[in-house]
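A.B. asks: predicted model follows, preceded by the sequence.
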Amino acid sequence: MQVEFKNEAFTNFSLPENKKAFEEALAKVESELGREYDLIIGGERIKTEKKSRSINPSNKEQVVGVVSQADQALAEKAIQVAASTFETWKKVPGTSRSRYLTKAAAILRRRKHEFSAWLVKEAGKSWPEADADTAEAIDFMEYYARQMDKLSQRHDLPRIPDEDNELYYIPLGVGIVIPPWNFPLAIMVGMTTAALVAGNTVVLKPASTTPVIAAKFMEVLEDAGVPAGVVNFVPGSGSEIGDYLVEHIQTRFISFTGSRDVGLRINELAAKHRPGQKWMKRLVAEMGGKDSIVVDSDCDIELAAQSIVASAFGFSGQKCSACSRAIVHQDVYDQVLNRVVELTKNLTVGDIRSNDFYTGPVVDDKAYNKILEYIEIGKTEGKLVAGGEKGPDSGYFIMPTVFADVAPDARIMQEEIFGPVVAFCKASDFDHAMEIANNTEYGLTGSVISRNRANLERAREEFHVGNLYFNRKCTGALVGVHPFGGFNMSGTDSKAGGPDYLLLFTQAKLVSEKL
Ligand SMILES: NC(=O)c1ccc[n+]([C@@H]2O[C@H](COP(=O)([O-])OP(=O)(O)OC[C@H]3O[C@@H](n4cnc5c(N)ncnc54)[C@H](O)[C@@H]3O)[C@@H](O)[C@H]2O)c1
Ligand SMILES: N[C@@H](CCC=O)C(=O)O
């Protein structure tokens, strides 16, 4: 019997032995930078002419890896291999499939610091953020393994005389897994392993900025003995192979995490029926956020300020859950704002190869330019009170930025910036605060900082987000503890790391036998 699920502990880097172990992992990873990574289709490694260079965002000169890129012919090959492997993989009992995940989790745990070091180098995560990403990846596998064991048990239905009725959760078929770059290990692992443990086969198209981490995870799956063809690794650009994979008639489902615009495009393409296609494709989409922290008049000011700063600037605001809107009651507005500005000005930004910096760069030049454009927009929509400028030129550094006195309908209050920028908006009372909190097209995370029980109860009902937190930050969901996913334009209302997530990758079959 498996031990009860427990979240992986985070590493305490203030202990010298942990610091030393992480330095060693970084040195090992640095000795491996610049290597080539191939496609993996049906266990076969395939090099292509076209390659993409993955760059360290803290140091634009440093190549993390060189990755072969699939074209449409190779995308087709991957789908064919996934389709034929499905015929055998679907017959492997769920409890056996779950053992592959438990094994892969154990391997990843043994290589934990090494993977976190890759996250420092390829995604620009600070040590604690990288450590949390790796821990979450382990959690997803441990959690979904247990969920699959439960789903594999006999599901008896109410008996009627002379009939034996049973429900089975069977897999769907070939799934296209398209993860984002911002949790390049955890979310990619969660999406991939949920699909495979439920009995599906996968074509994994990793995010274009973080393919090396995904290639490294393929090593883990191979070491765990996952049969060839169950997960096929197909890096390539969204425009070159993304549409092809989504539109393919043998694609049964698409599991996507990323931006609103790409999600909507995939939704449209997936919905169109094509000649020879025998099913309606299922789309599981987890998309963007424009997340608020609401601060009530009766609150702990220090807690409010600390929660805003941690949620807005952890990993430089590059989380779908990040706080980019602080909606503060007029009675405490100046106090909260002043303390946030004070805390923000003390944050350090730099190459997070060193654990001395609070946060590192944003992920690439595209993100860098987009965020700087939003900072310019912010200067016309509010008062710049902290940051607003670039960091050192060696990487894509942007200083944590705070805008005050921003109107509820301003662009920086409505559009996802996905960078270290938070806008402050003054609310006249709690009614007004709730109205502003719900005035975006998203509905992912939110927090309320309040001592007022009636207002908390009201927010529980009215604040329309998938993950609502009280008196804490709005980032950092734990697998199992805080099933994660949002409403409206934040996706298809799924809950990663929750008890019903695996059902999204299955279909229920009833068998009724007359006795
Ligand atoms: N709701 C959540 O759980 C969650 C979690 C993490 C990130 N996000 C969101 O993800 C976004 C940031 O990630 P991103 O920049 O990687 O998003 P993105 O939409 O640019 O890319 C996501 C993935 O889609 C791929 N892609 C791009 N064009 C494609 C196409 N035409 N067809 C198929 N695939 C295509 C990309 O290569 C990548 O793998 C933010 O909006 C963030 O809020 C949401
Ligand atoms: N699950 C993460 C966010 C994932 C998206 O970026 C959190 O809760 O902060």
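C.D. replies: Looks like it arrived, so ask away. Ligands and ions are numbered 1, 2, ... in the order given.
A.B. asks: which neighbouring elements make contact with the helix or strand hosting residue 23?
C.D. replies: Assigned by DSSP states H and E, residue 23 belongs to helix 16-31. Counting by 3 or more CB pairs under 8 Å, 6 or more residues apart in numbering; DSSP states H and E, the packing neighbours recorded for helix 16-31 are helix 112-123. All C-beta atoms are positioned from the backbone trio N, CA, C, and that covers glycine.
A.B. asks: let's see 10 Å
C.D. replies: If you count contacts as 3 or more CB pairs under 10 Å, 6 or more residues apart in numbering; DSSP states H and E, helix 16-31 packs onto strand 59-68, helix 112-123, helix 127-152.
A.B. asks: by how many degrees do the helix or strand following the first one and strand 59-68 diverge?
C.D. replies: In this case it means strand 59-68. Downstream of strand 59-68, the first helix or strand assigned by DSSP H and E is helix 72-89. Helix 72-89 runs at 70 degrees relative to strand 59-68, counting by axes from the mean of the first three to the mean of the last three CA atoms, to 10 degrees.
A.B. asks: and residue 498, how many residues sit next to it?
C.D. replies: 19 (other CB atoms under 10 Å).
A.B. asks: and it, what's its pLDDT?
C.D. replies: Predicted confidence (pLDDT) at residue 498: the value is 98.
A.B. asks: who's in contact with it?
C.D. replies: Shown in contact with residue 498 (CB atoms under 10 Å, 6 or more residues apart in numbering): 143, 147, 477, 479-485.
A.B. asks: now the buried members of these.
C.D. replies: Among the contacts of residue 498, those that count as buried by neighbour count (16 or more other CB atoms under 10 Å) are 143, 147, 477, 479-480, 483-485.
A.B. asks: now, those residues that are in helices?
C.D. replies: Using DSSP state H, 143, 147 are the members of those that sit in helices.
A.B. asks: which one of the buried ones among the contacts of residue 498 is nearest ligand 2?
C.D. replies: Among the buried ones among the contacts of residue 498, residue 477 lies closest to ligand 2 (CB to the nearest ligand atom), at 3.3 Å.
A.B. asks: right, and that closest one touches residue 311 too?
C.D. replies: No. Taking contacts as CB atoms under 10 Å, residue 477 lies outside contact range of residue 311: 11.8 Å.
A.B. asks: now the common contact residues for these two.
C.D. replies: When contacts are counted by CB under 10 Å, 6+ apart, residue 477 and residue 311 are jointly contacted by 319, 321, 445, 469.
A.B. asks: in strands, which of the residues you listed appear?
C.D. replies: 445, 469 (DSSP state E).
A.B. asks: and the buried ones among the shared contacts of residue 477 and residue 311, selectable in PyMOL?
C.D. replies: Applying 16+ other CB under 10 Å to the shared contacts of residue 477 and residue 311, the buried members can be selected in PyMOL as follows:
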select buried, resi 319+321+445+469
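A.B. asks: now do the buried residues in stretch 380-392.
C.D. replies: Those would be 381-382, 385-388, 391, for stretch 380-392 by 16+ other CB under 10 Å.
A.B. asks: would you turn these into JSON lines with pLDDT?
C.D. replies: Output for the buried residues of stretch 380-392, formatted as JSON lines (pLDDT from 0 to 100):
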{"residue": "381", "pLDDT": "98"}
{"residue": "382", "pLDDT": "98"}
{"residue": "385", "pLDDT": "98"}
{"residue": "386", "pLDDT": "98"}
{"residue": "387", "pLDDT": "98"}
{"residue": "388", "pLDDT": "98"}
{"residue": "391", "pLDDT": "95"}
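A.B. asks: out of these, which sit inside helices?
C.D. replies: Judged by DSSP H, the subset of those located in helices is residue 381.
A.B. asks: what's the farthest-apart pair in the buried residues of stretch 380-392?
C.D. replies: Distance extremes for the buried residues of stretch 380-392: the farthest pair is 381 and 391 at 22.8 Å, using CB to CB.
A.B. asks: close to ligand 2: what parts of this protein are there?
C.D. replies: Contact residues, the chain versus ligand 2 (CB under 6 Å from any ligand atom): 182-183, 319-321, 475-477, 484.
A.B. asks: near ligand 1 too, which of those residues?
C.D. replies: Contacts with ligand 1 within those, as defined by CB under 6 Å from any ligand atom: 182-183, 320.
A.B. asks: does residue 412 touch residue 378 like I think?
C.D. replies: Yes. In this structure, residue 412 is within contact of residue 378 by CB under 10 Å, at 4.7 Å.
A.B. asks: could you tell me which residues touch both of those two?
C.D. replies: Common neighbours of residue 412 and residue 378 (CB under 10 Å, 6+ apart) are 401, 403, 406, 421-423.
A.B. asks: which bits of the stretch 101-250 of the chain sit near ligand 1?
C.D. replies: So far as CB under 6 Å from any ligand atom goes, the stretch 101-250 of the chain lies against ligand 1 at 178-183, 187, 207-208, 238-239, 242-243, 246.
A.B. asks: from those residues, which land in strands?
C.D. replies: Per DSSP E, those map to strands at residue 178.
A.B. asks: tabulate the helices and strands packed on helix 16-31 in CSV, adding columns for distance to residue 457.
C.D. replies: Output for the helices and strands packed on helix 16-31, formatted as CSV (distance: least, CB to CB, whole Å):
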stretch, distance to residue 457
strand 59-68, 48
helix 112-123, 39
helix 127-152, 30
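A.B. asks: TSV for the ones you listed, including mean pLDDT?
C.D. replies: Output for the helices and strands packed on helix 16-31, formatted as TSV (pLDDT from 0 to 100):
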stretch	mean pLDDT
strand 59-68	97
helix 112-123	98
helix 127-152	98
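A.B. asks: deepest-packed of these, please.
C.D. replies: helix 112-123 (a mean of 26; mean count of other CB atoms under 10 Å).
A.B. asks: that older thread, what average pLDDT does the helix holding residue 23 get?
C.D. replies: Over the span of helix 16-31, the pLDDT mean works out to 98.
A.B. asks: likewise stretch 406-425?
C.D. replies: Rounded mean pLDDT across stretch 406-425 is 98.
A.B. asks: buried set for that stretch?
C.D. replies: 406, 408, 410, 412-425.
A.B. asks: what about those residues, which are in helices?
C.D. replies: 412-414.
A.B. asks: adding distance to residue 297, write those out as CSV.
C.D. replies: CSV is the format used below for these (distance: CB to CB, whole Å):
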residue, distance to residue 297
412, 24
413, 21
414, 25
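A.B. asks: any idea which of these is closest to ligand 1?
C.D. replies: residue 414 (13.9 Å).
A.B. asks: can you verify my assumption that the closest one contacts residue 425?
C.D. replies: No. Look at residue 414 against residue 425 with CB under 10 Å: they stay out of range, at 11.1 Å.
A.B. asks: who touches both of the two?
C.D. replies: 325, 408, 439.
A.B. asks: inside strands: which ones of those residues?
C.D. replies: Cross-referencing these against strands under DSSP E gives residue 325.
A.B. asks: reformat the shared contacts of residue 414 and residue 425 as JSON lines; add distance to residue 30.
C.D. replies: Output for the shared contacts of residue 414 and residue 425, formatted as JSON lines (distance: CB to CB, whole Å):
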{"residue": "325", "distance to residue 30": "39"}
{"residue": "408", "distance to residue 30": "47"}
{"residue": "439", "distance to residue 30": "46"}
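A.B. asks: ok, the shared contacts of residue 414 and residue 425 vs residue 89, which is closest?
C.D. replies: For those, the closest approach to residue 89 (CB to CB) belongs to residue 325, at 44.2 Å.
A.B. asks: who does the worst-scoring helix or strand of the chain on mean pLDDT pair up with?
C.D. replies: Of all helical and strand segments in the chain, the minimum by mean pLDDT, DSSP states H and E falls on strand 155-156, at a mean of 85. Using DSSP bridges, the strands paired with strand 155-156 are strand 163-171 (antiparallel).
A.B. asks: so residue 175 is in which element?
C.D. replies: Per DSSP H and E: residue 175 is located in strand 174-178.
A.B. asks: what is that strand packed up against?
C.D. replies: helix 72-89, helix 186-197, strand 201-204, strand 231-233, helix 243-247, strand 251-257, helix 260-271, strand 282-286.
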